[in-house]
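In: got a predicted model here, sequence first, then my questions.
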Amino acid sequence: MGSGKWLGGMLAWAVVGTALADEREMKFLVTPSIGFTSIGVDGGRLDDGSTRDMDQIMTGLSVGVRTPIGLQFEIGKSVAESEVIFDWYSENFSYKQSFALVGYSFEFADAWRLAPKLGYAQWRLRADNLDFLDADGNEREKLRGEDWMFEFEVAREFGNHFALGLSLQAIDVPYGNTYSIAVTTGLRF
């Protein structure tokens, strides 16, 4: 069974298990985000041999649950595009990822939450006017892969149904690295 199906099964198991444990205290989370993604591409992965660092606008959405004991399970998708806003870039890099995260949400101070998370991401990096080199040295228009990722989120909850926070993501990919920082708004049900 693929890693995506395995993670989906674990998320479903966690949702059902926590719903049976205590439905009143479980929170369903919907978290849209907007921010910046920094993509570093090593020179050995580009056909022209240059190293590139690109900063892009990123948007994302994740959904998940937080159990009564603080365990948090999320799945989501984010997209970083240079061509949408920064049309003057000749390469037009785009980065897309789908991910599943598991973490623990700590409450500290009054209505503040801290949530370190570990997960797995499927990603795709594409450039319009530049070719990438895969691990075998073959030219490709886009690179795809799966890698472990880390996310760290700090959020302030306002009442029982809304939160505003800051999220940091890091993923070490074969072509270099990808880091994101985003403002998150959360709906809690």
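Out: Nice, thanks for sending it over. Owing to the predicted nature of the structure, the values given are computational and were not obtained by experimental measurement.
In: any idea which helix or strand comes after the biggest strand by length in the chain?
Out: Criterion DSSP state E: the longest strand present in the chain is strand 142-158. Once strand 142-158 ends, the next helix or strand along the chain (criterion: DSSP states H and E) is strand 162-173.
In: average pLDDT for that next one, rounded please.
Out: Strand 162-173 comes out with an average pLDDT of 93.
In: by contact count, what packs against it?
Out: With contacts taken as 3 or more C-beta pairs under 8 Å, 6 or more residues apart in numbering; DSSP states H and E, strand 162-173 sits against strand 112-126, strand 142-158, strand 176-188. C-beta here means a position set from N, CA and C on the backbone, and glycine is covered the same way.
In: rewinding a little: sheet-wise, list the partners of the longest strand of the chain with their directions.
Out: Taking DSSP bridges as the criterion, strand 142-158 sits next to strand 112-126 (antiparallel), strand 162-173 (antiparallel) in its sheet.
In: can you redo the ones you listed as JSON lines with distance to residue 99 and mean neighbour count?
Out: Shown next, in JSON lines, are the strands paired with strand 142-158 (distance: least, C-beta to C-beta, whole Å; neighbours: other C-beta atoms under 10 Å):
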{"stretch": "strand 112-126", "distance to residue 99": "4", "mean neighbour count": "18"}
{"stretch": "strand 162-173", "distance to residue 99": "9", "mean neighbour count": "18"}
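In: make a markdown table out of those and add distance to residue 30.
Out: As requested, the strands paired with strand 142-158 are arranged in a markdown table below (distance: least, C-beta to C-beta, whole Å):
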| stretch | distance to residue 30 |
| --- | --- |
| strand 112-126 | 15 |
| strand 162-173 | 10 |
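In: to residue 52, which of the helices and strands packed on strand 162-173 lies closest?
Out: With C-beta to C-beta, the closest approach to residue 52 among the helices and strands packed on strand 162-173 belongs to strand 176-188: 8.5 Å.
In: got the buried residues for that closest one?
Out: Neighbour counts using 16 or more other C-beta atoms under 10 Å place 176, 178, 180, 182, 184, 186, 188 of strand 176-188 among the buried residues.
In: list the contacts of that strand.
Out: Strand 176-188 has contacts (C-beta atoms under 8 Å, 6 or more residues apart in numbering) with 27-42, 45, 51, 58, 60, 66, 78, 80, 95, 123, 153, 155, 157, 160-171.
In: residues contacting residue 38?
Out: 53, 54, 55, 56, 178, 179, 180.
In: can you tell me how far the last one is from residue 152?
Out: If you measure residue 180 against residue 152 using C-beta to C-beta, to the nearest Å, the figure is 11 Å.
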